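Student: everything below, folded, please.
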Amino acid sequence: MKMSKARNRQFYLLGFTDAEGCFSISLKKEDTARFGWALDPLFQVTQHKNSKVVLDMFVQELKCGRIIQKSGQPDILVYLVDNRRQLVEKVIPFFDKHKLVAKNDDFQKFKEVIEGLENKMHHKMETFLQLIRKCYEMNLDGKQRRYQLEEVLINIEKRNPQRL
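Tutor: Next up is the predicted model:
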């Protein structure tokens with residue numbers, strides 16, 4: 001039985017994502033945000049400029065996103081999708097259909113947070129805090145984050161004592 005080229009490409013991109021991809025949700029201080037913080041989801045795949053063809057395959061398959069040069073690294077390119085609508089309509093369905101192996105846990109948490117944002121969980125403090133905690137379960141339990149979880153939670157509570 002012979003697999004179609006499209007199916008082969010999908011499996012290739014799946015494996016490539018497991019190796020070189022990242023599902024992340026940045027937590028950014030924003031004075032204009034309801035609780036002083038904003039969640040910013042991003043799917044990205046990084047590759048040397050000599051292998052741009054791989055990143056082009058992501059654009060073709062997912063029909064969204066863009067390829068940019070990595071800041072400060074002229075030989076590195078990044079395919080990224082940071083538009084929440086594209087994440088919901090293109091990226092999440094692709095990885096729901098084609099299951100990751102190494103990064104499936106991070107993808108599932110990424111998906112849960114985005115679904116929470118879509119369901120306006122960030123509008124109420126209690127559910128916003130749940131989303132933040134979920135973000136800290138991703139990507140090596142948040143070890144690479146600028147802010148410690150407790151620091152963020154304390155900051156939110158201090159800024160919003162009336163909303164507790």
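Student: does I92 touch V113 like I think?
Tutor: No. With contact defined as CB atoms under 8 Å, I92 does not reach V113; the gap is 11.1 Å. Using the backbone N, CA and C atoms, a C-beta is placed for each residue, glycine as well.
Student: please say which of those two ends up with more neighbours.
Tutor: With neighbours defined as other CB atoms under 10 Å, I92 and V113 compare such that V113 has more, 24 against 18.
Student: let me know the helix or strand that the more buried one is in.
Tutor: Assigning secondary structure by DSSP states H and E places V113 in helix 104-118.
Student: show me what counts as buried in that helix.
Tutor: Neighbour-count burial for helix 104-118, with 16 or more other CB atoms under 10 Å as criterion, is recorded at D106, F107, Q108, K109, F110, K111, E112, V113, I114, G116, L117.
Student: again, but for stretch 18-27
Tutor: The neighbour-count check on stretch 18-27 (16+ other CB under 10 Å) flags E20, G21, C22, F23, S24, I25, L27 as buried.
Student: bridging residues for the fifth one?
Tutor: By that I understand S24. Here S24 shows beta-bridge partners L42, assigned using DSSP bridges.
Student: ok, it touching L80?
Tutor: No. Under the contact definition of CB under 8 Å, S24 does not touch L80, with a separation of 10.3 Å.
Student: any residues in contact with both of these two?
Tutor: With CB atoms under 8 Å, 6 or more residues apart in numbering applied, the overlap between the contact sets of S24 and L80 consists of L42, Q44.
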